[in-house]
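Peer 1: Show me how the following folds:
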Amino acid sequence: MKKRLALILPAALLLSAFVIAGSGRSINNEIPAPPAIGALVGDFMLPDVDGTNRTLASLKGKNGTVILFIAVQCPVSNAYNERMEQLAQDFKAKGINVIGINSNVTDDAGAVKAHAVEHKFSFVVLKDPGNKVADSLGAKVTPEAYLLDANNKLVYHGRIDNSKDPAGVNSSELRDAMNLVLAGKPVEKTGAASFGCTIKRG
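Peer 2: All right, here's what the predicted structure looks like:
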């Protein structure tokens, strides 16, 4: 009996290792590391809230692009709805486009569309089935921001600003970075820790 168990146990462990390897995620469900500052972000295609496939190449701004991971139910993300829309409005005419991405498996496409309509988002919101883009960018929470320059080079990654409560904002890292990109200057603060709700992965 002991000999049989000695043979069965290694085989079971080997099988579980194959299952984990095939899942595409580690045993600890680790999120891939984000691209390094200065790395080029490759093109991707996701459906918008109407189900139409859109690419980063078709949505990017001529002077830069902001990718924001957002959510329907997260109170932190929702606290930023007006600020995200204001960023989109303030910078669109200056050539920086904002793109929203919802990667939560708990938010279906209908809910994502209703949320975008309710909050009158003028920027495009995409649905990320299977967390493909969230994984490729190492996104962990909502909201989380990525600023790309005109050549899709990552120049800032992190929070929008320092406070969920607008009255407590005294550091607007994303807006500062966007202004520096427009001025043709290097982004001085390339990152600040994001905070919010964990992206719900499958």
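
Peer 1: how close does the most centrally placed residue in the chain sit to Ile96?
Peer 2: The residue lying closest to the centre of the chain (Cα atoms, centre = their mean) is Phe69, at 3.6 Å. Phe69 is 17 Å from Ile96, where distance means Cβ to Cβ, to the nearest Å. Yep, even glycine has a C-beta here, placed from its N, CA and C like the rest.

Peer 1: Please enumerate the strands of the chain.
Peer 2: 45-47, 53-55, 64-69, 96-102, 124-127, 141-142, 144-149, 154-158, 191-192, 197-198 (DSSP state E).

Peer 1: what packs against the fifth one?
Peer 2: In this case it means strand 124-127. Helices and strands touching strand 124-127, by 3 or more Cβ pairs under 8 Å, 6 or more residues apart in numbering; DSSP states H and E, are strand 45-47, strand 96-102, helix 109-118.

Peer 1: outside of the second one, which residues touch it?
Peer 2: When contacts are defined by Cβ atoms under 8 Å, 6 or more residues apart in numbering, strand 96-102 is touched by residues 46, 56, 59-61, 63-72, 84, 87-88, 91-92, 112, 116, 121, 123-128, 133-134, 139, 178, 181-182.

Peer 1: Buried among those residues? Need that as a selection in PyMOL.
Peer 2: Here is the PyMOL command that picks out the buried ones among the contacts of strand 96-102, judged by 16 or more other Cβ atoms under 10 Å:
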select buried, resi 46+56+59+60+61+63+64+65+66+67+68+69+70+71+72+84+87+88+91+112+116+121+123+124+125+126+127+128+133+134+139+178+181
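
Peer 1: Tell me how many other residues surround the residue lying closest to Val155 once chain neighbours are set aside.
Peer 2: Of all residues not flanking Val155 in the chain, Val187 sits nearest, at 4.6 Å (Cβ to Cβ, 6 or more residues apart in numbering). Neighbour count of Val187, defined by other Cβ atoms under 10 Å: 19.

Peer 1: still on that earlier bit, is the residue nearest to the centre of the chain bridged to anything, and to what?
Peer 2: Counting by DSSP bridges, Phe69 forms beta bridges with Ile101, Glu144.

Peer 1: which one of the helices and strands packed on strand 124-127 lies closest to Ile160?
Peer 2: strand 96-102 (10.8 Å; Cβ to Cβ).
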